[in-house]
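Asks: Structural data only, the sequence is not supplied:
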């Protein structure tokens, strides 16, 4: 006989034995009941029958056959204390508390034991009792544990539970239940009695309780217990977290991805599979596709399933398949009342996917999209332009000039259309032109992706870094050479925010001065003033540190344009702000005759307060902006200040000049 | 039942009282009617909703695309059974423990004086 046949035979034998025992049990019960009803109640035979019935009821009760035990015990009509006790205990075990109370009322020991348990089950406080049995004391303790659990007081529950001395009421099981209900921290093995020593209904309830009360640890718990209980615990954990508002769509998808759709009740398994698939979309798109097929098979929302398949295929970098799902979704949505807008969007995305893969079906997608857009009256706006962009994208390889023309037309209508810029950048092959185009794209759209690309391509991203890069480039340039900006550095500067861009302009003035190109710096600052660039005042303050000659040059320009009095007011303030004491003194000597005696006194006091080592006003703020990558004016820094971590411009320039055998720049700075 | 995916667009059409398949030109008419019924100076809150609905339907591409590529489902999530009441498990275990109790255990045995504890 083979192994399988032997197992089959053994199973048949067991089944036959069980059936025989059941027959025997029921026959025995019938005989006992017949003796109870037939005999004289006063006879010893009847008393013996009562005894036997009570004994049999107890046996049935302890074996878990509660209903049978209750039926048998209650047939005795509570004629003896033992029969009444059996009826009360079986009724309590079955949750029939009124019947248990009534049956126990005539037996003091049973009543004193069950009373606290019945009170606790009803949610009532436990009555004090001075002289009770050890078992009744234990019942009182258990009632107190239950009361503490209901209030969520873990410490009190534990204290009351440990006080249960002479424990006869399954202490390990009650400890596990108490821990599952309220313990702040537990390890799964502490709860093991809950699925080894109890009926399945209690294990089920235990799993649900653990899932709800220990939802954070549910995954480790799920690994330790049979799958059936794990699923119940996980479902309960999800339900609990959803009830607490901790499981939004994204979180739920992640949780279901880890737990699997089997934790969802059967009727909602399709939605469970849908959520689980979205949970693994980013990490395991192949698995997502399997789950989506399963969800679709179970009747999940078709639009969501198609969307998930599109995203999964896209994640797998299979644009053709992704577009196929997007187009199918588009057609499905187009046939759904009120779905035309989403249908068009799906179609545009499909066209884009097909265009990027140079697929032949791009025309089909474009035509479908255009047809839908016309039906919805949306063909003229953004939708039409996006379709044009998709069309241009499909022509990037085959007809680049025609594609460029389409995009330029689109950008004339909508200069902020990011997708159009993307195609234009795709079309550009020259790296320098690409960078310039990227700069234009950043300026037009301020799109973070373009900014990131520009950063990746263009190097320095902060104004200090840009200024430091310019300093390095200019210091390395031949002394007689022009101080010009490379296209990359110009693009880097253009990508900065306006205040940062201005700080770089001021840094360039400082660099020119340090490299003895003061005339060039002055011309640049004057041109900025002509254009009304806000940074010209900082440049003027800085330039006047070069001394009287520069102050005179500014005086000439500004007094010719605005009159001597205005020129004095502006320039004197700028000189003070730039801590340019000689220039300020020179300006005061030239403009003193324009001022009242009080004004001259105030100007002299201001002159006296100039501390060459201090940075103030506009220059100070620009210095801070550039720091630590570039120190604008090292000599102005406080002597006790720690050496800044960034590029020391003066030191660097001195080294470069020294290498070239050129004496350092004259003057204070 | 329409997919939750298109819910905002359907809701916008309902708000403007436009048909589910109404083209933009009809939506504009519905919008004007809705604004006349809820002018911004008298009913700014409803006007704001009407305006938002019109903007969604007249420039639908960006919000629709954003919705399409969202990495989570819009379909209502599965509903899970509510968490069990506190104490339900302990009480169930207690009932089970009582079911296992031999009835002899209930018989009071005399104990020496002073060993019984007072309880509240």
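Replies: Everything's here; your move. From a predicted model like this one, the values you see are computed outputs, not experimental measurements.
Asks: How many residues are close by residue A:384?
Replies: 17 (other CB atoms under 10 Å in any protein chain shown). Backbone N, C-alpha and C define where each C-beta goes, glycine included.
Asks: Tell me how far the residue lying closest to it once chain neighbours are set aside lies from residue B:81.
Replies: Distances taken as CB to CB, 6 or more residues apart in numbering or on different chains place residue A:373 nearest to residue A:384, at 6.3 Å, with adjacent residues excluded. Separation of residue A:373 from residue B:81 (CB to CB, to the nearest Å): 46 Å.
Asks: Pick out whichever of the two has more residues nearby.
Replies: Set residue A:373 next to residue B:81 and count neighbours by other CB under 10 Å: residue A:373 wins out with 26 against 15.
Asks: can I assume the more buried one is in contact with residue A:387?
Replies: Yes. Counting by CB atoms under 8 Å, residue A:373 touches residue A:387, with 6.9 Å between them.
Asks: what's the helix or strand for the residue nearest to residue A:384?
Replies: helix A:362-376 (DSSP states H and E).
Asks: continuing past that helix, what's the next helix or strand?
Replies: helix A:382-394.
Asks: now that next one: mean pLDDT?
Replies: Helix A:382-394 shows a mean pLDDT of 88.
Asks: Could you name the helices and strands sitting against that helix?
Replies: Applying 3 or more CB pairs under 8 Å, 6 or more residues apart in numbering or on different chains; DSSP states H and E, we find helix A:382-394 packed against helix A:340-356, helix A:362-376, helix A:400-413, helix A:418-427, helix B:61-68.
Asks: Deepest-packed of these, please.
Replies: helix A:340-356 (a mean of 28; mean count of other CB atoms under 10 Å in any protein chain shown).
Asks: does any bit of that one sit next to chain B?
Replies: Yes. Counting by CB under 8 Å from any CB of the partner chain, chain B has neighbours in helix A:340-356: A:340, A:341, A:342, A:344, A:345, A:346, A:348, A:349.
Asks: per-residue confidence averaged over that helix?
Replies: Here the average pLDDT along helix A:340-356 is 89.
Asks: what angle sits between that helix and helix B:61-68?
Replies: Put simply, helix A:340-356 runs at 80 degrees to helix B:61-68, going by axes from the mean of the first three to the mean of the last three CA atoms, to 10 degrees.
Asks: and helix A:340-356, how far from the chain's centre?
Replies: Chain-centre distance of helix A:340-356: 28 Å, with CA atoms, centre = their mean, to the nearest Å.
Asks: One more: stretch A:206-217?
Replies: The answer for stretch A:206-217 is 24 Å, by CA atoms, centre = their mean.
Asks: Which pLDDT value goes with residue 75?
Replies: Using chain A. In this model, residue A:75 carries a pLDDT of 83.
Asks: Chain B is the one I meant
Replies: For residue B:75, the predicted pLDDT is 87.
Asks: burial of it, as a residue count?
Replies: Neighbours of residue B:75 (other CB under 10 Å): 21.
Asks: Surely it is in a strand?
Replies: No. Residue B:75: not assigned to a strand; according to DSSP: H, G, I helix; E, B strand; the rest coil it is coil.
Asks: quick one: residue B:95 and residue A:97 touch, right?
Replies: No. Using CB under 8 Å, residue B:95 is not in contact with residue A:97, being 9.6 Å away.
Asks: more neighbours, these two?
Replies: Here residue B:95 and residue A:97 are set side by side on neighbour count (other CB under 10 Å), and the busier one is residue B:95, at 20 against 17.
Asks: any idea which helix or strand carries the closest residue to the more buried one other than its chain neighbours?
Replies: Setting aside the residues directly before and after it, residue B:95 is nearest to residue A:93 in space (CB to CB, 6+ apart), at 4.9 Å. Per DSSP H and E: residue A:93 is located in helix A:81-94.
Asks: and residue A:492, how far is that from residue A:434?
Replies: Applying CB to CB to residue A:492 and residue A:434 gives a distance of 14 Å.
Asks: State the pLDDT value of residue A:431.
Replies: 69.
Asks: ok, now residue A:127?
Replies: In this model, residue A:127 carries a pLDDT of 65.
Asks: Now the residue sitting nearest the centre point of chain B. Nearest residue, chain neighbours left out?
Replies: The centre of chain B sits closest to residue B:76, judged by CA atoms, centre = their mean, with a distance of 8.2 Å. Closest residue in space to residue B:76, ignoring its immediate chain neighbours: residue B:4 at 6.7 Å, by CB to CB, 6+ apart.
Asks: go on, residue A:259?
Replies: residue A:234 (4.4 Å).
Asks: Please list all residues in contact with the one you found.
Replies: By CB atoms under 8 Å, 6 or more residues apart in numbering or on different chains, the residues touching residue A:234 are A:211, A:218, A:222, A:255, A:259, A:263.
Asks: Helix, strand, or coil at the residue in chain B that chain A sits nearest to?
Replies: Nearest residue of chain B to chain A: residue B:80, at 2.9 Å (CB to the nearest CB). Residue B:80 falls in the coil class when you classify it by three-state DSSP.
Asks: Equivalent analysis for residue B:22, please.
Replies: Residue B:22 ends up coil, using three-state DSSP.
Asks: Wait, it touches residue B:31, no?
Replies: No. The criterion here is CB under 8 Å, and residue B:22 misses it with residue B:31 at 10.8 Å.
Asks: Am I right that residue A:611 is in a strand?
Replies: No. Using three-state DSSP, the assignment for residue A:611 is coil, not a strand.
Asks: That one - nearest residue in space that isn't next to it in sequence?
Replies: residue A:579 (6.5 Å).
Asks: Report how many residues lie close to that neighbour.
Replies: Residue A:579, neighbours per other CB under 10 Å, totals 25.
Asks: Same check on the one 4 residues further on?
Replies: Other residues within reach of residue A:583, judged by other CB under 10 Å, total 29.
Asks: Would you mind confirming that it is in contact with residue A:550?
Replies: Yes. Contact criterion CB under 8 Å: residue A:583 and residue A:550 qualify, at 6.6 Å.
Asks: Could you name every residue contacting both of these two?
Replies: Joint contacts of residue A:583 and residue A:550 (CB under 8 Å, 6+ apart) are residue A:544.
Asks: quick one: residue A:133 and chain B, what's the gap?
Replies: 5 Å (CB to the nearest CB, to the nearest Å).
Asks: can I assume that residue is in contact with residue A:113?
Replies: Yes. Applying CB under 8 Å, one finds residue A:133 in contact with residue A:113, separated by 7.0 Å.
Asks: Looking at these two, which one has more neighbours?
Replies: Neighbour count, other CB under 10 Å: between residue A:133 and residue A:113, residue A:113 has more, with 30 against 21.
Asks: For that one, give me its contacts.
Replies: A:104, A:133, A:135, A:136, A:139, B:106.
Asks: redo that, cut-off 10 Å
Replies: A:85, A:88-89, A:92, A:104, A:107, A:132-133, A:135-140, A:169, B:98, B:101, B:105-106, B:108 (CB atoms under 10 Å, 6 or more residues apart in numbering or on different chains).
Asks: Just the buried subset of those residues, please.
Replies: A:85, A:88-89, A:92, A:104, A:107, A:132-133, A:135-140, A:169, B:98, B:101, B:106 (16 or more other CB atoms under 10 Å in any protein chain shown).
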